[in-house]
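Student: Turn this into a model:
(2 chains)
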Amino acid sequence: MIDSLEAARALSEIEDVTRRVRQSQIYRLASLLMILWGALVFAGNLVTYLTPFYAEKAWLSVYVLGIGGSVLLGALEKARSGVRSFDLRALLAFVMFFAFGFFVETIGHFGPREMGAFWPVYFMLFYGLAGLWFGIAFTMFGLCVTALTLIGYLYVGVAFPLWMAVVNGVGLILGGLWMRRS
Amino acid sequence: MAELDEIIHQPLRLKIMAALNALPAGTGLEFVRLKKLTGATDGNLGAHIETLARAGYVTVDKAFVGKKPQTTVVLAASGRAAFARHVAGLQEIIAGAAAKPP
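Tutor: Predicted coordinates for the structure are as follows:
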């Protein structure tokens, strides 16, 4: 027979392990999404830098492939682990996220450089917020990319899209790989 | 009366069961992930998984992913029920202590 203190310790241990398992499930899907978006964003920035004429089409493709790929990865992860992680609500959240982004972009009359800085910072705001619920790794990552984006916006010249390909694209891929290990 | 399961009550086995219980029925955790979550060594974790498997609380699936062997541990229905009873037992002990006059 154990006493109430030992029982409370055991329950607290159970709660802690349960929280870590759920967090690791979230990190697992998030890491896949980050790698996907990282590759797409890298390609989008590279096209913007090399052939600015096709930039608009490239970014539209990035968004369509990104959202479609996210839904697909969510479905595959659900089939693998049984955990529902990307559903209709998540898809609607994505749509609202992009709708608001396009709205701000339009009323702000952003040029290519401003858009190049706005979207990553806007994206990273949600990483920062997600970190408040799902783990500090998201917040740290969001803050780092935001800081590097602003440094690039302020101090990097015409090579800004190239800077963003590395900071945002490669950054997301590395962040995803790191999150996969944590 | 609180019913505690001696097999589950061991600290590492409690962690293993808690981790598996957090997943939907029928899904499991790979050995390496379980090792990371529990902070156990290979040998220690393997021994305790075997104890749980002998009790019928978990099943162990061994497969090859590419050329790498992969061991996945899944919580059995009887394990889930035993874990729920164990948790209820722990809660009963705490409730009992709180109800006692000082």
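Student: OK, contacts around residue A:49?
Tutor: A:159, A:161-162, A:165 (Cβ atoms under 8 Å, 6 or more residues apart in numbering or on different chains). The C-beta positions use only the backbone N, C-alpha and C, and glycine is treated the same way.
Student: for stretch A:42-56, which positions count as buried?
Tutor: A:42-49, A:55 (16 or more other Cβ atoms under 10 Å in any protein chain shown).
Student: just to revisit the earlier point, I'd like the contacts of residue A:49 as a markdown table, with pLDDT, secondary structure and distance to chain B appended.
Tutor: Output for the contacts of residue A:49, formatted as a markdown table (pLDDT from 0 to 100; DSSP: H, G, I helix; E, B strand; the rest coil; distance: Cβ to the nearest Cβ, whole Å):
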| residue | pLDDT | secondary structure | distance to chain B |
| --- | --- | --- | --- |
| A:159 | 91 | coil | 40 |
| A:161 | 92 | helix | 37 |
| A:162 | 93 | helix | 35 |
| A:165 | 92 | helix | 31 |
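Student: quick one on the thing from earlier: list the ones among the buried residues of stretch A:42-56 that fall in helices.
Tutor: A:42-49, A:55 (DSSP state H).
Student: Next up, the contacts around the residue nearest the centre of chain B.
Tutor: In chain B, the centroid-proximal residue (Cα atoms, centre = their mean) is residue B:17; its distance is 1.4 Å. By Cβ under 8 Å, 6+ apart, the contact set of residue B:17 is B:8, B:52, B:57-58, B:75, B:79, B:83, B:86.
Student: Sticking with it, tell me its helix or strand.
Tutor: With elements taken from DSSP states H and E, the one containing residue B:17 is helix B:11-21.
Student: For residue A:135, grab phi and psi.
Tutor: In terms of degrees, to the nearest 10, the main-chain angles of residue A:135 are phi 130, psi 140.
Student: contacting residues around residue A:3?
Tutor: So residue A:3 contacts B:93, B:97 (Cβ under 8 Å, 6+ apart).
Student: typo on my end, residue A:73
Tutor: Contacts of residue A:73 by Cβ under 8 Å, 6+ apart are A:29, A:32-33, A:36, A:86.
Student: Dump the residues you listed to a markdown table, plus secondary structure.
Tutor: Formatted as a markdown table, those follow (DSSP: H, G, I helix; E, B strand; the rest coil):
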| residue | secondary structure |
| --- | --- |
| A:29 | helix |
| A:32 | helix |
| A:33 | helix |
| A:36 | helix |
| A:86 | coil |
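Student: Quick check: residue A:161 vs residue A:29, distance?
Tutor: 29 Å (Cβ to Cβ, to the nearest Å).
Student: still on that earlier bit, please check the contacts of residue A:49 and keep the buried ones.
Tutor: Buried, going by 16+ other Cβ under 10 Å: A:161-162, A:165, out of the contacts of residue A:49.
Student: Where does the prediction get shaky in the chain?
Tutor: Because you didn't say which chain, this covers chain A. Applying pLDDT under 70 to chain A picks out residues A:81-87, A:182.
Student: not quite, I wanted chain B
Tutor: Ranges of chain B meeting pLDDT under 70: B:1-2, B:100-102.
Student: for the helix of greatest length in it, which positions count as buried?
Tutor: For chain B, the helix with the greatest residue count under DSSP H is helix B:77-99. Across helix B:77-99, burial judged by 16+ other Cβ under 10 Å covers B:79-80, B:82-83, B:86-87, B:89-90, B:93-94.
Student: Run through those residues and flag the ones next to chain A.
Tutor: Residues of the buried residues of helix B:77-99 in contact with chain A (Cβ under 8 Å from any Cβ of the partner chain): B:87, B:90, B:93-94.
Student: ok, which stretches of chain A are helices?
Tutor: Using DSSP H, helices in chain A cover A:4-50, A:55-81, A:88-107, A:112-134, A:136-155, A:160-164, A:171-181.
Student: other SSEs contacting the last one?
Tutor: Based on contacts counted as 3 or more Cβ pairs under 8 Å, 6 or more residues apart in numbering or on different chains; DSSP states H and E, the elements that helix A:171-181 packs against are helix A:4-50, helix A:136-155.
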